[in-house]
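Participant: Mind looking at a prediction? Sequence and model below.
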Amino acid sequence: MAEGGKGLIDTILDRLGINEAPFFRTPDYMYNASYWLGAMLTASFGYTVMTGLFLLLYYIPANAYPSTQAIIHSVPYGSVILLSHLYGAYIMIVLVYIHMFRNFFKGAYKKPRELQWVTGLILFALTLGASFFGYSLVGDVLGVNAVDIGDELLVGTGFPGATTLANWIFGPGGGAAASSNPIIRAELFDRLLGWHIIMVALIGLVFGMHFLMSERYGMTPSAKEKPLVPAYYTKEEQAKFNAWWPRNFVYMLSLVLMTWGVILIVPNLLANINGVSGIIAKFVDSIDPYAHLGPVGVSALPIVISPYPAPQYGSPAAIHTQPYPPWFFLFLYKFVDFELPNGQPLSPAEAVSLLVIGLLVIMFIPFYDNSKYLSALSRKFWTWLMSVFALSVVILSVWGYFDPGIPAPTMQQALYLGVPAFVVAVIIIVADFVGKRKKRTSSNIPAQLPKISPITILWGSVTTLLFAGTLGTTLTQPSIVAVGILVPIGVLMYQFFRKIASYYWIKAHGQAPASYSRVSLNKKIAFYGIIIILIISAFLTGLMWTLPSVGTAATISGLDLGTVLFLWGYAINLYHYVVYVRD
């Protein structure tokens, strides 16, 4: 029962001591998703753990591929859970990269957060490891080939104990997946499942340490607030900020729900993007739920991002499948294709050594970067190094997808990686020069009317018409091309209307919108937006119970559920704006 005029929730929180816990208190400007990437990562990790525990109930290591197909085609909502589990891991990997690079460029690795950066890099490595083993559990040709590549790379190093280590990790090797003996198959997939669970447990353990350190000093302040190292708010400063309960909880809940929504929407959209859904999928499943290796039409998707398993290892269809590794290891796949200047291929020992040295250099950057400023341009060499690293991962991944297994001579390496590295160096030097010049000449400049010419109006009208037509095509005939065109056109249309709105706002008020209080109007819009979202989500929730729950057609239900969760998260985000943002 509630006591002393307190509500039930306040009473429970009082018993738990939430308000007395040393959680970081947050200033108003930090209610921005870029400051909460860690929370979004945690949401992705939590989702993959929950769905993974459910999949354990149905997964049979001795029959890895058939049991995976059974989950997709026979278990209620099995396809939704399996596909979103896969993409929960994918989205977690993407967020890990974004979180890492964002924290580097913001100087969040500097004193006093050195150990937080180190544990973050360990979490990065563990996430890739857990994803690798999970990816291989399906028993399809891509997963088993990934095991073979990892086994051969490790043994090929010739390091002392490498063969023993490979045996501990991979057991009988990928060839066991094609064995007719279930005991031999189980020996491989039991081993992979065990390592997958160990890696996930280690992520949870290291994350606990990472979280405690992050709460110790809080989020890294903006360089405008704290430009010098060490950058953190004192206890006296934090006392003026917002407590964890209720505002931080509300904002974090909105991001968690939106993250879960995206995790559900992306794979289920991809599963239906080529037109397999509803009656068609039901018809296919009713004929023979195991006749096809994935829904009809999914073959148009690049195999490395398809949410469905590839052909079973050792099957006739597997012979015609390009043995790609997981997409998040495509950069490594291409890296081992490199040739030395003398024309000799890069040996496994050299490749592994270079990768380990590179990881250690990045991990220990906080201990040999002595710059006292948070600004990225004040540490130009390290900024260049990390920028080149980020760019190289993307370039090597794309290169590995289009030219898998093809040797890369030194001149080609210089062209694909050296030229971009030089361009990045030039950009950093120019940006530093321009930034210093602006700092010297900056002054308070009154807001100027945006230039609206007839060409601007024409361009905006064409963009709007293109957006409307593409949106209609996307809704009636979903395809990757349509979605790919819709997004940039939508951004251009948004910029056009934003320019028009700014023009009339400055004309009416004599100053830029950002300097004029529009919060009251925005809060009214947000309030009605919440009502509209709740009505739409209620309709979609009711609709979900009428949609198929078994087989590939259940992915429509997953798409529906993901949309509902995203809308709920956005509604809570609007609630946060209405209740907590000051007028």
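Facilitator: In hand now; what should we look at?

Participant: mind listing what the nearest residue to Ile572 once chain neighbours are set aside touches?
Facilitator: Leaving aside its sequence neighbours, Ile572 sits nearest to Ser254 (Cβ to Cβ, 6 or more residues apart in numbering; 3.9 Å). Just so you know, the C-beta spots here come from the backbone N, C-alpha and C atoms, and that holds for glycine as well. Residues in contact with Ser254 (Cβ atoms under 8 Å, 6 or more residues apart in numbering) are Gly569, Tyr570, Ile572, Asn573, Tyr575, His576.

Participant: any idea which of the residues you listed is the one closest to Ala526?
Facilitator: Tyr575 (8.0 Å; Cβ to Cβ).

Participant: hang on, that closest one packs against Gly529?
Facilitator: No: taking Cβ atoms under 8 Å as the definition, Tyr575 is not a contact partner of Gly529, at 10.0 Å.

Participant: mind putting the contacts of Ser254 in TSV, pLDDT and distance to Gly542 included?
Facilitator: TSV is the format used below for those (pLDDT from 0 to 100; distance: Cβ to Cβ, whole Å):
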residue	pLDDT	distance to Gly542
Gly569	96	19
Tyr570	93	19
Ile572	96	20
Asn573	94	23
Tyr575	95	22
His576	94	26
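
Participant: quick one on the thing from earlier: mind telling me what element the residue nearest to Ile572 is part of?
Facilitator: helix 249-272 (DSSP states H and E).

Participant: Likewise for Pro302?
Facilitator: Pro302 belongs to no helix or strand, assigned by DSSP H and E.

Participant: Can you pull the phi and psi angles for Gly139?
Facilitator: Main-chain dihedrals, Gly139, degrees, to the nearest 10: phi 90, psi 10.

Participant: oh, and call the first residue 863 from now on, that's how I've got it
Facilitator: Let's use 863 as the start, then, which means that last one is Gly1001.

Participant: So for it, what's the pLDDT?
Facilitator: pLDDT for Gly1001: 92.

Participant: got it, and Asp876?
Facilitator: For Asp876, pLDDT reads 68.

Participant: Val1343 now?
Facilitator: pLDDT, Val1343: 57.

Participant: Repeat that for Leu977.
Facilitator: pLDDT, read off for Leu977, is 94.

Participant: just Ser1364 next, same as before
Facilitator: 67.

Participant: for Met1248, same thing?
Facilitator: pLDDT, Met1248: 95.

Participant: Neighbours of it, how many?
Facilitator: Met1248: 19 surrounding residues under other Cβ atoms under 10 Å.

Participant: Please verify my assumption that it contacts Phe963.
Facilitator: Yes: counting by Cβ under 8 Å, Met1248 does reach Phe963; the two are 6.7 Å apart.

Participant: Which residue is the nearest non-sequential neighbour of Tyr927?
Facilitator: Nearest one to Tyr927, counting by Cβ to Cβ, 6+ apart, is Gly1001 at 3.7 Å.

Participant: Distance of the one you found relative to Gly1056?
Facilitator: Gly1001 sits 16 Å away from Gly1056, taking Cβ to Cβ, to the nearest Å as the criterion.

Participant: Which of these two has more residues huddled nearby?
Facilitator: Gly1001 (27 against 14).

Participant: OK, contacts around that one?
Facilitator: Ala926, Tyr927, Thr930, Ala1039, Phe1051, Pro1171, Gln1174, Tyr1175.

Participant: which residue sits closest to the first one, ignoring its sequence neighbours?
Facilitator: What that stands for is Ala926. Gly1001 (3.3 Å).

Participant: again with Ala1085
Facilitator: Here the nearest residue to Ala1085 in space, its sequence neighbours aside, is Leu1236; by Cβ to Cβ, 6+ apart that works out to 4.3 Å.

Participant: thinking again about what came up before, in the contacts of Gly1001, find the pair that's most separated.
Facilitator: Phe1051 and Pro1171, at 13.8 Å, using Cβ to Cβ across the contacts of Gly1001.

Participant: between the two, which one's more packed in?
Facilitator: Ranked by neighbour count (other Cβ under 10 Å), Phe1051 and Pro1171 place Phe1051 first, with 28 against 21.

Participant: ok, the residue nearest to Ile1434 to Gly1424 distance?
Facilitator: Applying Cβ to Cβ to Ser1116 and Gly1424 gives a distance of 15 Å.

Participant: same check, this time on Pro1092
Facilitator: Distance from Pro1092 to Gly1424, by Cβ to Cβ: 41 Å.

Participant: what's the answer for Leu1004, then?
Facilitator: Taken as Cβ to Cβ, the span from Leu1004 to Gly1424 is 25 Å.

Participant: Quick one: residues contacting Ala1008.
Facilitator: Phe994, Tyr997, Ser998, Pro1187, Pro1188, Phe1191 are the contacts of Ala1008 under Cβ under 8 Å, 6+ apart.

Participant: Of the residues you listed - the most surrounded one?
Facilitator: So for those (other Cβ under 10 Å), the most neighbours sit at Ser998, 28 neighbours.

Participant: can I assume that residue is in contact with Leu1054?
Facilitator: Yes: in this structure, Ser998 is within contact of Leu1054 by Cβ under 8 Å, at 5.3 Å.

Participant: looking at this structure, which helix or strand does the model trust least?
Facilitator: Every helix and strand in the chain was compared by mean pLDDT, DSSP states H and E; the lowest is helix 1140-1149, with a mean of 42.

Participant: what about Phe1103, how many residues close to it?
Facilitator: Neighbour number of Phe1103 under other Cβ under 10 Å is 16.

Participant: I misspoke; the intended subject was Ser993.
Facilitator: Neighbours of Ser993 (other Cβ under 10 Å): 23.

Participant: That one - nearest residue in space that isn't next to it in sequence?
Facilitator: Ser993 sits nearest to Ala951 (Cβ to Cβ, 6+ apart), 4.9 Å away.
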